[in-house]
Every structure is written in structure tokens, then in C-alpha cells.
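>>> Sharing a model that was predicted from the sequence below.
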Amino acid sequence: MPELPEVETIVRGLRKKVLGRTFLDVWTDNPKTVKRPKTFDLFRKAIKGERVKKIGRRGKNILIYLLGGKVLLIHQKMTGHLLYGLWRFEKRVWRPAERGPLEDPANRFIHLLFWLDNKKMLALSDLRKFAKVELWGSKELEEDEDLKKIGPEPLARAFTYSKFKEVLKKRRGKIKQVLMDQEVLAGIGNIYSDEILWEAKVHPLAETSRLPETSLNRIYEAVSAVLKKAIAFRGDSMSDYRQVSGEKGRYQEIQRVYRQEGKPCPRNDGGIIERLKIGGRSGHFCPVCQK
């Protein structure tokens, strides 16, 4: 699933391409993707003619604010990613109209497509069809319980070390699971929890409530460092995620521990990266430097 760096990269790409554009029409072959309003026909009627005013993010949710007061919320879920370009419908599938990165096989699962007023399109490629799209009134969205539950943004200026310790006090359990809890911190998942804990030299199974001050401080610093670096590398494309251009991100080229099982620890400390199971998810760590 795209995590904070991937979603932030998508948002920044959309700002360059879609800000100020008007939605002319929309198509789907999977109406269930649209969760709000109740039917795709209502969604189509409501979105047509709406102009993009602002684009932001809350956790893993993309928020496209429209001039008419509505907000288009898109959660890409497991395999979804937004793309910008031009497609033609040929032999019952949407194909890129031009040669380039949109031809990457990971981009071929087009199930939702918006026509824009500059003769371009905004598309959702989603292999497993888990992504959700919702159209909200701005006031209604402010009261949405799901968004209210999301924890603080770890790259926000207001996210101080004191705030970090405060939110950790609300949860007990293994530190990797706590970092992935969206009600504790926004946007961190399996990839970056592994990378953050390696950077901080903390074992993923360490009990959060028993971590010393030095470890907490290292985790806090690692959260910012790892997420910022991942954004600079345009996200991780080891799996389905691609940028709005269709290109891969490059963070997978510098991963330290995630899916590096059996490889030497990058710290050259003699450790070999191991894999463990935790809460139905996989974790990766070095048994030497993450004790």
C-alpha cells in the first residue's frame, strides 16, 4: 500500500498537473470504487464542471478541493495509484496515447478516468480494485469520523518530540505495530516502519512502554529523516506504486532492511537481515544493531 512518501509524491505531482483544471467528465468500469455519493451516476453529475482549487493530503488520503465547495477524497489502498496523461480506448482497454512511462505494465489497470479541460486525463490504475473515491462537502468532511481518528502528521512543524511522546503513551504493544497504527501517526506502514526502526537501532518487537528516552529520541529523529529521504526519492516502487507520470519511484534502490532478508546489514556490523512475523505482517531487522 502506498504510504506517506508515495502519497505525498502523488500529491506534489498532481499540483503541477491538475491544479486549476476542470473536470469535464468521468468514466469507470467498476462503480463500486465510488463510495460517495451512493451511485456513480450521482458522482458523475456532481463532479462535472468542478474546478480544482487546492490539493492536499491527510495520512494516506488524497484530498482534491474544488471551487464549488466539494472535496474529492481518494484513498489508493493496496495497489492503486493516480496517473496523468492521455489514453485511448482500444480493444476494450485504455492504452496510453503516447510512448513513455505510462506504458509500464503496472499502469495498465485503468478503472476510473477523468477528462480534464486541457485535453488530458487523470486516471486511477488499480490492480486489485480496492481503492475508494468519495465526494464530500467541505464541512461534512471536517466532521468525518475516519479522518478525525487519524493521528498527527509526522512531518508537520507541530509534530514535536513532546507530541511524539504524548501520542506513544496512548498505545501499548510492539513498537513496529504502534508506528503503523494510523491513529498514532499518519501515513507510516510496513515499509517505513522497518526503515525507521533500523535507522533508530530499535528492535521491531520492543515494547513501546519500556523504551528508554534515548531510543524514543532516535525513533523521533528517524521518522523525519527516513520519510523526507523517501519523498526525495519519489517513493518506493518495489510493488505497484508509480508516480503520476507513470515512472517508478527510486526509494527501493536504497532500502536498508525492508525485504532485504538474508543480506548483510548496511552498517557492516556482521549482522544478516532477518524477517519476522508480527500481527500478520512481516518485519525486517538486523539482530546485531537492533537489539
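Nice, thanks for sending it over.

>>> Leaving out the residues flanking it, which one is nearest to the residue lying farthest from the centre of the chain?
Ranked by distance from the centre of the chain (CA atoms, centre = their mean), the top residue is residue 270, with 33.4 Å. Spatially, and ignoring its direct neighbours in sequence, residue 270 is nearest to residue 288 (5.8 Å; CB to CB, 6 or more residues apart in numbering). The way it works is simple: take the backbone N, C-alpha and C, and place the C-beta from them, glycine included.

>>> now that neighbour: how far from residue 203?
11 Å (CB to CB, to the nearest Å).

>>> what does residue 281 give?
15 Å.

>>> Of the two, which one has the most company?
residue 203 (20 against 15; other CB atoms under 10 Å).

>>> before we move on, what SS does the more buried one have?
Judged by DSSP: H, G, I helix; E, B strand; the rest coil, the three-state class of residue 203 is coil.

>>> What sits closest to it if chain neighbours are left out?
Spatial nearest neighbour of residue 203, excluding adjacent residues (CB to CB, 6+ apart): residue 290 at 4.7 Å.

>>> Next up, the contacts around that neighbour.
Residues in contact with residue 290, defined by CB atoms under 8 Å, 6 or more residues apart in numbering, are 197-198, 201-204.

>>> Okay, strands next: where are they in the stretch 1-150 of the chain?
Taking DSSP state E, counting those that start in this stretch as the criterion, the stretch 1-150 of the chain contains strands spanning 23-28, 34-36, 52-58, 61-66, 70-75, 80-85, 87-90, 93-96, 110-116, 121-126, 132-137.

>>> From the contact counts, what lies against the longest helix along the chain?
Longest helix in the chain by number of residues (criterion: DSSP state H): helix 213-232. Here helix 213-232 touches helix 4-17, helix 161-168, helix 175-180, helix 190-200, going by 3 or more CB pairs under 8 Å, 6 or more residues apart in numbering; DSSP states H and E.

>>> Out of these, which gets nearest to residue 80?
Among these, helix 4-17 comes nearest to residue 80, with 10.0 Å by CB to CB.

>>> ok, and what's touching the closest one?
By CB under 8 Å, 6+ apart, helix 4-17 touches 2, 55-57, 59-62, 64, 76, 81-82, 84, 120, 122, 154-155, 186-188, 192, 227, 230-231, 233-236, 241, 243-245, 249, 251.

>>> again with stretch 38-52
Contacts for stretch 38-52 (CB under 8 Å, 6+ apart): 18-26, 28, 31, 34, 36-37, 64-68, 70, 72, 114, 133, 135.

>>> which non-adjacent residue is nearest residue 277?
Once flanking residues are discounted, residue 277 sits nearest to residue 283: 7.5 Å by CB to CB, 6+ apart.

>>> Looks like that neighbour contacts residue 273 (just checking).
No. Contact criterion CB atoms under 8 Å: residue 283 and residue 273 do not qualify, at 10.6 Å.

>>> can you pull the contacts of residue 243?
9-10, 13, 234-235, 249.

>>> which one among the residues you listed gets closest to residue 180?
For these, the minimum distance to residue 180 (CB to CB) is 17.2 Å, reached by residue 235.

>>> how many neighbours does the closest one have?
So residue 235, with other CB under 10 Å, has 27 neighbours.

>>> how near is the nearest residue to it once chain neighbours are set aside to residue 185?
Closest residue to residue 235 apart from its sequence neighbours, by CB to CB, 6+ apart: residue 249 at 3.4 Å. Taking CB to CB as the measure, residue 249 falls 21 Å from residue 185.

>>> Could you do residue 147 as well?
15 Å.

>>> Over stretch 66-73, what's the mean pLDDT, rounded is fine.
Per-residue pLDDT values over stretch 66-73 give a mean of 98.

>>> ugh, wrong one, stretch 223-242
98.

>>> Would you check that my belief about the residue farthest from the centre of the chain contacting residue 287 is correct?
No. Residue 270 is beyond contact range of residue 287, at 9.8 Å (criterion: CB under 8 Å).
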